[in-house]
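Enquirer: Fold the following.
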Amino acid sequence: MLNLQIAGRHLNKNGYLACFDDWDRDLALTLAAEEGLKLTERHWRVIEFLRDYYATHEIPPSPRVVIKSIGAGISEHIPCTRKHLEALFPNGGCRQACRIAGLPDYYCHGC
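Expert: Next up, the predicted model:
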């Protein structure tokens, strides 16, 4: 099995953080930069929600739960939709958001 590292943290063969607790904002910035993504306040809202939800439930929230819970903070002028989430994370939508948030890859299949 291939074991990668980024910013001193171990990633699995799919590029996801091997240990949820090894995540920090610097790692998120590094992962996002690798994908050509500049994180804004809206990105951070999603990332922090994903991490908090996962820490509580041990699974990521569905896009529907994200939209219902923090949609107003993602799209202020019109109702938030899944397309808004996918626009924030254009290289895989929820899967990309889960990766940057440090969630294990096997939990992101339902996102």
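
Enquirer: other SSEs contacting the longest helix along the chain?
Expert: Identified as the longest helix of the chain according to DSSP state H is helix 41-57. In this structure, helix 41-57 packs against helix 63-74, helix 82-88, helix 94-100, with contacts taken as 3 or more C-beta pairs under 8 Å, 6 or more residues apart in numbering; DSSP states H and E. Quick note: C-beta positions are derived from backbone N, CA and C, even for glycine.

Enquirer: repeat that for 6 Å
Expert: helix 63-74 (3 or more C-beta pairs under 6 Å, 6 or more residues apart in numbering; DSSP states H and E).

Enquirer: Excluding residues flanking it in the chain, which one is nearest the most centrally placed residue in the chain?
Expert: In the chain, the C-alpha nearest the mean C-alpha coordinate belongs to residue 97, at 2.4 Å (C-alpha atoms, centre = their mean). Once flanking residues are discounted, residue 97 sits nearest to residue 89: 4.6 Å by C-beta to C-beta, 6 or more residues apart in numbering.
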